[in-house]
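1. the following block contains a protein sequence and its predicted model.
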Amino acid sequence: MPSPRAGHRDGVNVTPRAAAPARSDDDSTTTSGPYPALAVFDLDACFWDEEMYTLRELVDPSKSVRGSLGQGIGEGVVAASSGGTMIRINPGALRALQGYYAGEYPGMRIAAASSADTPLAVRIGRSALDVLEIVPGVTAREVFAIGWPEGFEGNMQIGRTPPLSANKAATHFPILRRETGVAYSDMLFFDDCNWGDHCAAVATKCVDERTGLGPVTVRTPRGLRVEEWDRGLRLFAQRSLAASVGG
């Protein structure tokens, strides 16, 4: 399993973190910290700017485009080529994963919940995760793997081939809960919702019996922007504080 490399991000030291074990039982628990235990990202038109079902070729690493990953970050792969289409990570998603890599969100891990239309779309998406970089030399796929046991894939629910489906509330999120052991109410979910309101469905149908709460959700119709990432963290912290005061 990859671990963060030594370095800096905006003055923050990056230090390795140990993997936390994934759980497979149904007795999920919540935490009371200001950050979600699991930040979950839709991929197409949310995490990155393209819809994988419109593409026909796996990403060709030799045609990747390098550029600045942000002030003080350095240069890395900023665009992955699928045929003639360049796939780029949206600014809020890049900020989220760079902050996660730098250890800015104690107790949080990350996951994907994407209902990519076809098996080819899933393969193209995974090939993009293997090429696009978050910090120099560290791919998005490697950052998604941080904090999980080596070889663990339970946090990467991508596609709609059974047991997954087009309905994330019925498949992706119950599987994420089972595989990660994180309660629904301790999740934060971002989705563009341009082809159906996944946020509303997940928030209302994936609810913990103990708390009566589901994930905090944020719609990203223009792709995940920095202000939407910040708003999601703020909404989660506000709800966590209210629950602690009310409890």
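-> That came through, no problem. Residues are numbered from 1 along each chain as shown.
2. CA atoms for contacts and neighbours, from now on please.
-> Fine.
3. buried residues in stretch 71-83?
-> For stretch 71-83, burial by neighbour count (16 or more other CA atoms under 10 Å) applies to 73, 75-82.
4. give me the average confidence score over it.
-> What stretch 71-83 shows for mean pLDDT is 97.
5. next: stretch 192-203.
-> So the average pLDDT for stretch 192-203 ends up being 92.
6. can you pull the buried residues of it?
-> 192-193, 198-203.
7. so which of these comes closest to Gln238?
-> Ala203 (16.2 Å; CA to CA).
8. okay, which residue is most central for this protein?
-> Phe41 (3.5 Å; CA atoms, centre = their mean).
9. and the contacts of the helix or strand harbouring Ile134?
-> Counting by DSSP states H and E, the element that carries Ile134 is strand 133-135. Where contact means CA atoms under 8 Å, 6 or more residues apart in numbering, the residues beyond strand 133-135 that reach it are 69, 73-78, 94, 97-98, 139-140, 143.
10. do that again at 6 Å, thanks
-> When contacts are defined by CA atoms under 6 Å, 6 or more residues apart in numbering, strand 133-135 is touched by residues 76-77, 139-140.
11. picking that back up, quick check, nearest of the buried residues of stretch 192-203 to Phe236?
-> Ala203 (12.8 Å).
12. now for the closest one: which residues touch it?
-> 214-215.
13. using the three-state scheme, assign it.
-> Under DSSP: H, G, I helix; E, B strand; the rest coil, Ala203 falls in the helix class.
14. which strand is the longest one in the chain?
-> Using DSSP state E, we find that the single longest strand of the chain is strand 75-82.
15. which secondary structure elements does that one contact?
-> Judged by 3 or more CA pairs under 6 Å, 6 or more residues apart in numbering; DSSP states H and E, the packing partners of strand 75-82 are strand 65-68, strand 85-87.
16. distance between that strand and the chain's centre?
-> 18 Å (CA atoms, centre = their mean, to the nearest Å).
17. what sits up against that strand?
-> Strand 75-82 is contacted from outside by 57-60, 63-69, 86-88, 132-133, 136, using CA under 6 Å, 6+ apart.
18. who does it pair up with?
-> When sheet partners are counted by DSSP bridges, strand 75-82 sits next to strand 65-68 (antiparallel), strand 85-87 (antiparallel).
19. so which of the ones you listed is nearest Ile124?
-> Nearest to Ile124 among those is strand 85-87 (10.3 Å), distances taken as CA to CA.
20. identify each buried residue in that closest one, please.
-> Buried positions in strand 85-87, judged by neighbour count with 16+ other CA under 10 Å: 86-87.
21. do stretch 98-111 as well
-> Of all the residues in stretch 98-111, those buried under the rule 16+ other CA under 10 Å are 98-105, 108-111.
22. again with stretch 220-232
-> The neighbour-count check on stretch 220-232 (16+ other CA under 10 Å) flags 220, 223-226, 228-229, 232 as buried.
23. quick check, nearest of those to Met156?
-> Met156 has its nearest neighbour among the buried residues of stretch 220-232 in Leu224, at 18.2 Å by CA to CA.
24. quick one, phi psi at that closest one?
-> Note on Leu224: backbone dihedrals following degrees, to the nearest 10 are phi -70, psi 120.
25. make sure Met52 is actually in contact with Pro119.
-> No. Checked against CA atoms under 6 Å, the pair Met52 and Pro119 is beyond contact range at 10.2 Å.
26. quick one, which of the two is more surrounded?
-> Higher neighbour count among Met52 and Pro119: Met52, with 25 against 14, using other CA atoms under 10 Å.
27. skipping adjacent residues, who's closest to the more buried one in space?
-> Of all residues not flanking Met52 in the chain, Ala121 sits nearest, at 4.9 Å (CA to CA, 6 or more residues apart in numbering).
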